[in-house]
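Asker: Dropping a prediction and its sequence here:
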Amino acid sequence: MTRPTFRHIADRIKTDIAARFAPVTPGSAEAILVGVVASVAHGLYGYADWIEAQVFPTTCSEDSLRRWAQNLDVPRRRASYAEGEVQHATEIPEGRVFRAPAGYDVEVTSGVVGSSGSNVVQRIRALAAGEAFIYGGLPLTDQTDPDSGIVPLVLSPGVTGGADAEDVATWRARVVRRFRGPRRGGTAEDYAQAVEGVPGVIRACRNGPLAGGVYQLPFTDAGRDGYPTEPSAARIETVRELASREWPDTEAITVELVAAQSVDLPFSITLESSDPDLLLAIEAAAKGFLATVPPGQQVSNSQLTAAIANVPGASRHTITSAQPPALAFNEFYSLVWV
């Protein structure tokens, strides 16, 4: 329904009055009545317009979306904590707080979980939930006791998996996805939707059947700026708990949880402009496209070209090296400039 404007409604009322009685003159009682009735009708049209929008999750308000999500069992993803591991010569007490060069504060959350050469390895987690990323190899400074001399190093792939609370647009897209494709019991879409509901997971799919009738379930974490990265040990454990508790599986099949691994995608581009902002915009567009590609799915040069073609100023460029390598079921692309 298209909501008519206030002026259109008022003109219709004036036309009706003129057809039955006499033309409405400015300042008359009839003119005042026209304004009152038109205001009421315009408000009712607006309410009817709003009611119509609530019928489907594609157009409903955020409050109605919350009800749709509850009915379809698609809760909004909470903010997740970035996690990783550090190495140090001696064990660091749990709860000790450190700061990364980027300003993120992390705390030690475990005892010794392994070793790296002569050093011990312990798990760390960001103090605040939300997007955070710390590169592997960076030193951390002690915030609990700045004079302690303890300087642990972050292990590769870094502190990852931190994601902000799900924005409304992304949440709505997942609700609409469930609305259009409800659970049917063990389908590939069921598995993908279930895993993508875990805070911090941005991409999942189900591949197979492979040899022996086994299906693989690769999934990726949210890395820097939402770009996929390899899942942390804690995220893998969270998904494993989900698998044992909530799979909508009615098939006699075996499903393997697979932490997807990154594969370098060499990317070289020649631009007529040397504007560094343009280069960053092109990189963001390319990464944004690759973040939508499920693990194991191939892409072509033409798809990558199309992804960056809409960047203002990037119309005249040449991709000299972006041949996508062959991917296994449990691998995803990681953009690397050459």
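Answerer: It's in. Numbers count the residues shown, from 1 in each chain.
Asker: Which helix or which strand is home to the closest residue to Pro218 other than its chain neighbours?
Answerer: Counting by C-beta to C-beta, 6 or more residues apart in numbering, Pro295 is the residue found nearest to Pro218 once chain neighbours are left out, at 3.6 Å. For glycine as for every other residue, the C-beta is placed from the backbone atoms N, C-alpha and C. Element membership for Pro295, per DSSP states H and E: none, as it lies in no helix or strand.
Asker: Now for Pro295, how many residues are close by?
Answerer: 27 (other C-beta atoms under 10 Å).
Asker: try Arg245
Answerer: 7.
Asker: what does Arg76 give?
Answerer: Neighbours around Arg76, by other C-beta under 10 Å: 19.
Asker: Now do the contacts for it.
Answerer: Arg76 makes contacts with 66, 69, 165-166, 171, as judged by C-beta atoms under 8 Å, 6 or more residues apart in numbering.
Asker: Tell me the secondary structure at it.
Answerer: Put simply, Arg76 is coil when judged by DSSP: H, G, I helix; E, B strand; the rest coil.
Asker: In terms of helix, strand or coil, where does the residue most central in space within the chain fall?
Answerer: Closest to where the C-alpha atoms of the chain average out (C-alpha atoms, centre = their mean) is Ile202, at 5.2 Å. Classification of Ile202 using three-state DSSP returns strand.
Asker: dump the residue contacts of it.
Answerer: If you count contacts by C-beta under 8 Å, 6+ apart, Ile202 has them with 163, 196, 220-222, 226, 228, 291.
Asker: Helices - which of those land there?
Answerer: Glu196 (DSSP state H).
Asker: Distance to Glu283 and pLDDT for the contacts of Ile202 - can I get that in TSV?
Answerer: Shown next, in TSV, are the contacts of Ile202 (distance: C-beta to C-beta, whole Å; pLDDT from 0 to 100):
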residue	distance to Glu283	pLDDT
Ala163	20	81
Glu196	25	82
Thr220	19	83
Asp221	20	80
Ala222	17	74
Gly226	13	67
Pro228	15	80
Ala291	12	78
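Asker: Quick check: of the contacts of Ile202, which lies closest to Tyr333?
Answerer: Pro228 (8.4 Å; C-beta to C-beta).
Asker: What is the neighbour count of the closest one?
Answerer: With other C-beta under 10 Å as criterion, Pro228 counts 26.
Asker: just checking, it touches Pro294?
Answerer: No. At 10.0 Å, Pro228 does not count as touching Pro294 under the criterion of C-beta atoms under 8 Å.
Asker: which neighbours do those two share?
Answerer: Residues touching both Pro228 and Pro294 (C-beta under 8 Å, 6+ apart) are 203, 332.
Asker: quick one on the thing from earlier: of the contacts of Arg76, which count as buried by neighbour count?
Answerer: Restricting the contacts of Arg76 to buried positions leaves 66, 69, 166, 171, with burial counted as 16 or more other C-beta atoms under 10 Å.
Asker: ok so, going back, right, and the residue nearest to Pro218 touches Ser334 too?
Answerer: No. The criterion here is C-beta under 8 Å, and Pro295 misses it with Ser334 at 11.7 Å.
Asker: Spit out the residues that contact these two alike.
Answerer: Counting by C-beta under 8 Å, 6+ apart, Pro295 and Ser334 have no contacts in common.
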